[in-house]
Every structure is written in C-alpha cells, then in structure tokens.
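Visitor: pasting the sequence and the predicted model now:
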Amino acid sequence: MSLQNEWYLKEVFDNELLTKHKPIEFEYSFYQAVKSGDMNYVREDCQKGGFSNPDGIGVLSKNSLINMKYHFVISVAMITRHCVEGGMEFEQAYRLSDFYILKLDNCSTIQAVTELHDNMALDFTGKMLLLKNSSIISKSILLCTDYIYNHIHDRVTVDDLSNYTNLSKSYLSRLFKQELGISISDYIREKKIEKAQNLLKYSDFTSIEIANYLAFASQSHFIHTFEKQVGLTPKKYRDKYYHNSW
C-alpha cells in the first residue's frame, strides 16, 4: 500500500474515532507565557499536568514512552524559537535546548519525561523573566550579547563588536551602556566570570586551564578578576560549591 493510500485510510479512521488535537490557541498561550516570562501561568500548567494530559495529544509512536519523548522534542523546539523571538541569545537558547534533549536519553518513564519537560519549561520561562526585567534591548545590542556568548572563550573587543554590528565604536559603547546599564568591557568580564564559576563547579579544570580557555591575560589576572567580582578566590569558590548543584 502506498503512503498516500495508507494516510487516506488513517484519516478516515481518525475521523470516525473523532480524534482531535488540542486547540492551537491553547498551545500558543503556553508558548507565549514562556516567552513573556509568565512563571505563574507556566507553573500552574505544569501542576495541572498540561504536558502529560493525553487529551488532544497526537500519536507519534505506538510506544507511549517514545510518543512522549517525541512531543518533548517538539515542545522544546517551539519554546526555543519563541524565546529567541523574545530576545534570548540565539546560542544560549539552542544550547539550552540541546542540553535538555540530551537529558531526555536518561528518561525511562513517562513521569520522568514529564518532570524533565516541566523543569525545562520553567527554566526557559525564568530566563525570559530575567531578560524581560532587565530592559528593552535593541537588535544591535542583542547581536552583541549573542556574539559575546558565542565567543566567550576568545578575547572579545569593542572593535570586534563594532565590525559585527556595523556601528561606530563610540556609538555602540554608548548604546550598550544605555540599554544594559553596564559597559561592554564590564559585561564581557562578568560573562567570563559566570562561565568560570560553572567550570569550577562542574568540571575539574584547573585555574590556569580556565584562565587560558576564557582568554584571560594570565592566571593571576583571572584570579584577581574572579575574586573582585565573586568575593572569593577560584580555589575557595570551588571548595565551597564544587558539584553542590548537581
């Protein structure tokens, strides 16, 4: 039987069973809530079991667990696109999406998939809430923050960002400070230290390896900068927080 004929028979059968999907308005409202950082809406939807509710969910696999995993991938893809539209850094959004899809491999029950989905949705929503509360950011500055995120292991300069956005260095510097309330150099430094904090917590990289990876001038420069921003030396920070958040 051809695929076309097989589809025709399935369509007839589904109509007889009155098989229906969720109204598009429902899904749109959920994705918009994530995009806008509406934690209350998303949390309430999770508590009600919105993702795992079988009513209106299409059958993508005869295996119920695989079916839920397919829907998870669809959901995280839609959430990622909505969040990018809402201003989240492109690379941050897609790396976060990849992270949760990889975690999906470890889920062996529908409950585990549901819990992972709810954590994923709340994670994206929380990040969008922080972004929303920070400021209204122009496209040029979003390009800058995305570039910095994607080149965090390089030495990023105002010249690099000026060339990337086709804006003069002076204008870009003023615009960046106006919209984000921080200079370009300070923003880059903060993001590098945030990355260093994660590496100290979740990896075994030494301070000199982290300093080199994040393109600091030297290990001593990295240690001084880290302590100035965090209030602890890298060693003391690792001693206190190593793997604490796993």
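Guide: Great, that's in hand.

Visitor: off-centre distance for the lengthiest helix in the chain?
Guide: Using DSSP state H, we find that the single longest helix of the chain is helix 110-134. Chain-centre distance of helix 110-134: 9 Å, with C-alpha atoms, centre = their mean, to the nearest Å.

Visitor: identify each buried residue in it, please.
Guide: For helix 110-134, burial by neighbour count (16 or more other C-beta atoms under 10 Å) applies to 113-114, 116-118, 120-122, 124-125, 127-129, 131. Yep, even glycine has a C-beta here, placed from its N, CA and C like the rest.

Visitor: show me where the protein has its helices.
Guide: 3-16, 24-36, 39-47, 64-85, 90-103, 110-134, 139-150, 158-165, 169-180, 184-202, 207-213, 219-230, 234-241.

Visitor: so what touches the longest helix of the chain?
Guide: For helix 110-134, the surrounding residues in contact (C-beta atoms under 8 Å, 6 or more residues apart in numbering) are 33-39, 42-43, 45-46, 49, 51-52, 64-65, 68-69, 72, 75-76, 79-80, 83, 86-88, 92-93, 96, 100, 103-104, 106-107, 137, 180.

Visitor: on that earlier part again, just send the helices of the chain back as JSON lines, with mean pLDDT and distance to G58 too.
Guide: Converted to JSON lines, the helices of the chain look like this (pLDDT from 0 to 100; distance: least, C-beta to C-beta, whole Å):
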{"stretch": "helix 3-16", "mean pLDDT": "54", "distance to G58": "10"}
{"stretch": "helix 24-36", "mean pLDDT": "81", "distance to G58": "12"}
{"stretch": "helix 39-47", "mean pLDDT": "89", "distance to G58": "19"}
{"stretch": "helix 64-85", "mean pLDDT": "94", "distance to G58": "8"}
{"stretch": "helix 90-103", "mean pLDDT": "94", "distance to G58": "19"}
{"stretch": "helix 110-134", "mean pLDDT": "89", "distance to G58": "16"}
{"stretch": "helix 139-150", "mean pLDDT": "90", "distance to G58": "34"}
{"stretch": "helix 158-165", "mean pLDDT": "97", "distance to G58": "41"}
{"stretch": "helix 169-180", "mean pLDDT": "93", "distance to G58": "42"}
{"stretch": "helix 184-202", "mean pLDDT": "93", "distance to G58": "37"}
{"stretch": "helix 207-213", "mean pLDDT": "96", "distance to G58": "44"}
{"stretch": "helix 219-230", "mean pLDDT": "96", "distance to G58": "47"}
{"stretch": "helix 234-241", "mean pLDDT": "92", "distance to G58": "43"}
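
Visitor: how is this structure carved up into domains?
Guide: As assigned by automatic domain parsing, the chain contains the domains 3-134, 139-241.

Visitor: now the contacts of helix 110-134: which count as buried?
Guide: Burial by neighbour count, 16+ other C-beta under 10 Å: within those this picks out 33-38, 42, 45-46, 51-52, 68-69, 72, 75-76, 79-80, 83, 86-88, 92-93, 96, 100, 104, 107, 137, 180.

Visitor: report the contact partners of the nearest residue to K235 once chain neighbours are set aside.
Guide: If the residues on either side of it in the chain are set aside, K235 comes closest to S207, at 7.1 Å by C-beta to C-beta, 6 or more residues apart in numbering. Contact analysis of S207 by C-beta under 8 Å, 6+ apart lists Q219, F222, I223, P234, K235.

Visitor: out of these, who's nearest I141?
Guide: Checking the contacts of S207 against I141 by C-beta to C-beta gives F222 as the nearest, at 26.5 Å.
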